[in-house]
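**Student:** my questions concern the predicted model and sequence given below.
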Amino acid sequence: MKERVNSQSFDWRKPAGATLAVMMLGLNSCAPNEATPDDQQTRTDQPSAESTDFDPVVIEPVESPSPTDLPPPGISVETPASEPTSEPEPEPSFEQPMPGTIETDPPVEIPTVEPEPDYQPPVPNPTESAPSDHNHAVDCMVQKCIALTFDDGPGPYTGDLLDYLDEHDAKATFFLVGNRVGNYSDAAIAERDGGHQIANHSWDHDDLTNKSLESAQTDIEKTNDEIERVTGIRPTVMRPPYGATNQSLVEAIGQPQILWSVDTEDWKHHDSEYVANYVIQHAQRGDIILMHDIHKTSVEAVPEILDRLSGQGYVFVTVDDMLGSDLAVDRYNQQAL
Ligand code: NI
């Protein structure tokens, strides 16, 4: 079950001297939202038939191919010459709770107090609107860049994660769930202050493909509003919960959608060593790594990831730094090299 696609099977992505279009792949495994000990919550909402709801819209996942995950008609997806040949894993979405039943529940440790006064009003400064300037002008066409991305926060472990990133001068991208931002204002602001990229992961982690286009638009706008209210930064890119999207949603939402090329499935394993080893073994230049900072085990995997991959010459940058901050409205899952 833990057999993984060998990274060598991804040779198609980066042939020497070749230019590949950015892959546009939808995945259905961005589902960290099952009950977790980390959230100290007892949950009873378990896998459900909802997973099949994704089928009409989900594109083929990179790490966890599923027979049902076929590119939807009409979407231009550059298919790799050779697909990962790993055994199909158990349908990841079986592990998932019903969308909207997870992160919509405020973690028990979240106080219901109002945000502290110093969170409002946000006081943006000029540098905050120029995230591409913050990482020492890294040129990812020259350097071996990796984009670590953390979804579903902010949360109680985000502060520790930011410390780890700072210690390694690493930048990351945080895809925030709107309804958590107010309760974890400190963490969201610290992400901003640390020079990381802040992005949109919907208001309450609903599967946007189950909403009307208008409702999905409203969801994303509401989340952008909240993130901007708290941090002073309005996200320019988003990641659809579960990676569930389609071309109509892309166009309706009107923001570049950032998916991923390496899925740690950290939400399923809750094992720091496993997560660290998985990233270290699979990450290649230009990858976008999917993790979740709402899980303590995921955060605790980060120091080793940074140590080991830094030692191999990798540089950790934001999505904007790696893909550019002027992306067309489309789907992306890795750097075009
Ligand atoms: Ni998510």
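**Tutor:** The structure has been received and is ready for your questions.
**Student:** the ion contacts on the stretch 101-250 of the chain?
**Tutor:** Neighbours of the ion within the stretch 101-250 of the chain, by Cβ under 5 Å from the ion: 151, 152, 241. C-beta: built from backbone N, CA, C; applies to glycine.
**Student:** and the pLDDT for the second one?
**Tutor:** Looking at residue 152, its pLDDT stands at 98.
**Student:** what of residue 137?
**Tutor:** Residue 137 carries a pLDDT score of 77 in this model.
**Student:** can you get me a residue count around residue 138?
**Tutor:** Residue 138 has 18 neighbours, counted by other Cβ atoms under 10 Å.
**Student:** ok, now which ones touch it?
**Tutor:** 145, 315, 317, 321 (Cβ atoms under 8 Å, 6 or more residues apart in numbering).
**Student:** the third one and residue 138: what is the separation?
**Tutor:** Which is residue 317. Counting by Cβ to Cβ, to the nearest Å, the gap from residue 317 to residue 138 is 5 Å.
**Student:** and if you look at the second one?
**Tutor:** Distance from residue 315 to residue 138, counting by Cβ to Cβ: 6 Å.
**Student:** any shared contact partners between those two?
**Tutor:** By Cβ under 8 Å, 6+ apart, the residues touching both residue 315 and residue 138 are residue 145.
**Student:** ok, which stretches of this structure are helices?
**Tutor:** 158-167, 178-181, 185-193, 213-231, 247-253, 266-269, 272-282, 296-311, 319-323 (DSSP state H).
**Student:** any chance of these in TSV, plus mean pLDDT, mean neighbour count and distance to residue 207?
**Tutor:** Shown next, in TSV, are these (pLDDT from 0 to 100; neighbours: other Cβ atoms under 10 Å; distance: least, Cβ to Cβ, whole Å):
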stretch	mean pLDDT	mean neighbour count	distance to residue 207
helix 158-167	98	19	24
helix 178-181	98	23	15
helix 185-193	98	21	24
helix 213-231	98	18	10
helix 247-253	98	18	10
helix 266-269	94	24	16
helix 272-282	97	19	24
helix 296-311	98	20	22
helix 319-323	97	27	22
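**Student:** right, is stretch 268-283 up against the ion?
**Tutor:** No. Applying Cβ under 5 Å from the ion, one finds stretch 268-283 separated from the ion by no less than 12.8 Å.
**Student:** residue contacts, the residue in the chain that the ion sits nearest to?
**Tutor:** In the chain, the residue that lies nearest the ion is residue 151 (4.0 Å; Cβ to the ion). Residues in contact with residue 151, defined by Cβ under 8 Å, 6+ apart, are 30, 32, 174, 175, 177, 201, 239, 290, 291, 292, 293.
**Student:** mind listing what's buried along stretch 144-154?
**Tutor:** 145, 146, 147, 148, 149, 150, 151, 152, 153, 154 (16 or more other Cβ atoms under 10 Å).
**Student:** burial of residue 313, as a residue count?
**Tutor:** The tally of other residues near residue 313 (other Cβ under 10 Å) stands at 9.
**Student:** excluding its backbone neighbours, what's nearest the residue of the chain closest to the ion?
**Tutor:** Spatial nearest neighbour of residue 151, excluding adjacent residues (Cβ to Cβ, 6 or more residues apart in numbering): residue 175 at 4.5 Å.
**Student:** okay, the one you found: pLDDT?
**Tutor:** Per the predicted model, pLDDT is 98 at residue 175.
**Student:** can you give me the end-to-end distance of stretch 166-179?
**Tutor:** End-to-end distance of stretch 166-179 (Cα to Cα, to the nearest Å): 26 Å.
**Student:** in it, what counts as buried?
**Tutor:** Buried residues in stretch 166-179 (16+ other Cβ under 10 Å): 170, 171, 172, 173, 174, 175, 176, 177, 178, 179.
**Student:** please apply the same query to stretch 313-333.
**Tutor:** 314-323, 325, 327, 331-333.
**Student:** quick one on the thing from earlier: overlap in contacts of residue 317 and residue 138?
**Tutor:** residue 145.
**Student:** biggest strand in the chain, by residue count?
**Tutor:** Among the segments of the chain that qualify as a strand by DSSP state E, the longest is strand 144-151.
**Student:** that one pairs with which strands?
**Tutor:** As defined by DSSP bridges, the strand partners of strand 144-151 come to strand 172-176 (parallel), strand 288-292 (parallel), strand 314-316 (parallel).
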